[in-house]
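1. Model the following, please.
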Amino acid sequence: MQNTEILSLHRNRRQTRGPKMSEKKMVRRNVAVALGIICVILIAALGVAMSEAFYSSSRVADLTNTLNLGKTEVWVMEKNYYQLPSNYTDWTFSINVSGYVLVSLVTLGNVYVRVIYNASVPVGIVEGTLFDYGTFYNYQYDSQITVSGRGTAVFPVLPSSNIEIRIGNTYTFGGSGETVSIIYYY
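-> Below is the predicted model of the structure:
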């Protein structure tokens with residue numbers, strides 16, 4: 001191939017075009033494409049890292065709320081119930097995390113709030129330097145609090161398959177009406 005000389009209008013100098021010039025352009029183009037691909041990969045990796053960081057920080061915030069019993073689940077909100085003498089209304093809920101249940105009542109008579117559940121609590125056994133939680137203790141919880149007028153009853157809860165909450169009329173003669181709210185804090 002023959003080299004040709006071109007007079008550059010902008011700089012008043014000569015440029016040579018030939019086989020070496022096209023090789024340089026090809027190398028520059030390949031480098032530019034490679035750098036472009038690397039930039040795309042880096043941007044994608046940065047996006048993944050940022051989404052993982054966001055997920056991790058939101059998960060940490062969620063776990064912190066759980067640790068501080070800052071999460072709630074409303075099970076019953078200001079529902080009206082009526083019990084005949086010596087009768088009760090009951091609900092069954094699932095508990096997956098330790099916390100407490102708050103039962104708020106407005107009643108004209110005396111009523112009781114009773115919470116019943118069974119929980120398998122791990123018992124830590126030290127073997128060497130590791131804890132072995134293969135042993136479980138079956139914990140049975142059954143507690144009752146009497147409320148009259150406007151009041152609340154609070155019960156600790158452990159993870160269990162089901163928890164039963166009963167609100168009953170303590171009178172043997174005459175009915176009892178209540179407005180009930182039940183909130184689970186975990």
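2. Quick one: mean pLDDT over the helix or strand that contains L42.
-> Per DSSP states H and E, L42 falls inside helix 19-67. Mean pLDDT, helix 19-67: 72.
3. Surely G174 is in a strand?
-> No: assignment of G174 by DSSP: H, G, I helix; E, B strand; the rest coil gives coil, placing it outside any strand.
4. Show the contacting residues for Y171.
-> Y171 makes contacts with P85, S86, G109, N110, as judged by C-beta atoms under 8 Å, 6 or more residues apart in numbering. To be clear about C-beta, it is placed using only N, CA and C from the backbone, and glycine gets the same treatment.
5. I'd like to know how far the second one sits from A49.
-> Spelled out, that is S86. Note on S86: its distance to A49, by C-beta to C-beta, to the nearest Å, is 63 Å.
6. now do the first one
-> P85 sits 65 Å away from A49, going by C-beta to C-beta.
7. quick one, domains of this structure?
-> For the chain, automatic domain parsing gives the domain ranges 1-68, 72-185.
8. Quick check: which of these is buried the most?
-> Stretch with highest mean neighbour count among the domains of the chain: domain 72-185 (a mean of 15; mean count of other C-beta atoms under 10 Å).
9. measure that domain end to end?
-> End-to-end distance for domain 72-185, by C-alpha to C-alpha, to the nearest Å: 5 Å.
10. re earlier: can you tell me which of the domains of the chain has the worst average pLDDT?
-> Looking at the domains of the chain, the bottom one is domain 1-68 with a mean of 67.
11. Next up, the contacts around Y112.
-> Y112 neighbours (C-beta under 8 Å, 6+ apart): Y88, Q144, I145, T146, V147, R166, I167, G168, T170.
12. Repeat that for V111.
-> So V111 contacts Q83, L105, T146, V147, S148, I167, G168, N169, T170, S176, E178 (C-beta under 8 Å, 6+ apart).
13. Residues in a beta bridge with it, which ones?
-> With DSSP bridges as the criterion, V111 is bridged to V147, N169.
14. residue contacts, F136?
-> F136 neighbours (C-beta under 8 Å, 6+ apart): S120, V121, P122, V123.
15. residue contacts, the second one?
-> By that I understand V121. F136, Y137, N138, Y139, L158.
16. now the one helix or strand the first one maps to, how far from the centre of its chain.
-> Element membership for F136, per DSSP H and E: strand 130-157. Relative to its parent chain, strand 130-157 has a centroid offset of 23 Å by C-alpha atoms, centre = their mean, to the nearest Å.
17. before we move on, what about stretch 30-37?
-> 43 Å.
18. Likewise for stretch 32-40?
-> Relative to the chain's own centre, stretch 32-40 is displaced by 39 Å; criterion: C-alpha atoms, centre = their mean.
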